[in-house]
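Q: model this:
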Amino acid sequence: MKFNERLKLYRKKAGLSQEQFASTLNVKQYNVSDYEVGRSEPSIELLVKIAKVLNVSIDELLGNENAPLSLEGKEKKLLEEIDNLPEEDRIKAVDLALQIIEFVGNKK
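A: Sure thing, here's the model as predicted:
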């Protein structure tokens with residue numbers, strides 16, 4: 001998946017229209033449209049701001065799958081993986097995660 005496709009995907013996951021996203025970034029809506037169709041790319045400074053607004057890492061936006069995930073990235077990945085499981089397995093995974101959290105919490 002290319003940058004422009006990931007940008008559009010993450011914007012939609014954030015529940016933002018192009019207009020809302022543009023306003024948050026202090027750019028014009030047509031700039032966001034240009035980024036999403038691959039007509040142009042944002043500056044590095046704007047890329048940093050985009051990552052913050054969408055709550056993703058720059059590596060995620062750029063598709064660097066070999067980069068280590070931040071804690072937030074790991075949490076997000078865990079939740080996505082759990083969401084992709086069938087309901088019965090999701091229940092088991094959540095129960096197991098809660099048991100691990102309780103165990104770790106009792107170690108302190």
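
Q: which residue is the nearest non-sequential neighbour of the residue most central in space within the chain?
A: When C-alpha atoms, centre = their mean is applied to the chain, the residue found nearest the centroid is V56 (4.1 Å). Of all residues not flanking V56 in the chain, Y10 sits nearest, at 5.5 Å (C-beta to C-beta, 6 or more residues apart in numbering). Where you see a C-beta, it was placed from the backbone N, CA and C, and this is true even at glycine.

Q: pLDDT score for the one you found?
A: For Y10, the pLDDT comes out at 92.

Q: was I right about it contacting L54?
A: Yes. The criterion here is C-beta atoms under 8 Å, and Y10 meets it with L54 at 4.5 Å.

Q: hmm, the residue nearest to the centre of the chain is touching L7, no?
A: No. At 9.8 Å, V56 does not count as touching L7 under the criterion of C-beta under 8 Å.

Q: where do the contact lists of Y10 and L54 overlap?
A: Common contacts of Y10 and L54 (C-beta atoms under 8 Å, 6 or more residues apart in numbering): L61.

Q: quick one, helices of the chain?
A: Secondary structure of the chain (DSSP state H): helices at 3-13, 18-25, 29-37, 44-54, 58-62, 71-83, 87-106.

Q: dump those to TSV, plus mean neighbour count.
A: Below are the helices of the chain laid out as TSV (neighbours: other C-beta atoms under 10 Å):
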stretch	mean neighbour count
helix 3-13	16
helix 18-25	17
helix 29-37	17
helix 44-54	15
helix 58-62	17
helix 71-83	12
helix 87-106	10
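
Q: by mean pLDDT, show me the worst of those helices.
A: Among the helices of the chain, helix 71-83 has the lowest mean pLDDT, at a mean of 83.

Q: now do that helix: which elements does it pack against?
A: For helix 71-83, the elements it packs on are helix 87-106, judged by 3 or more C-beta pairs under 8 Å, 6 or more residues apart in numbering; DSSP states H and E.
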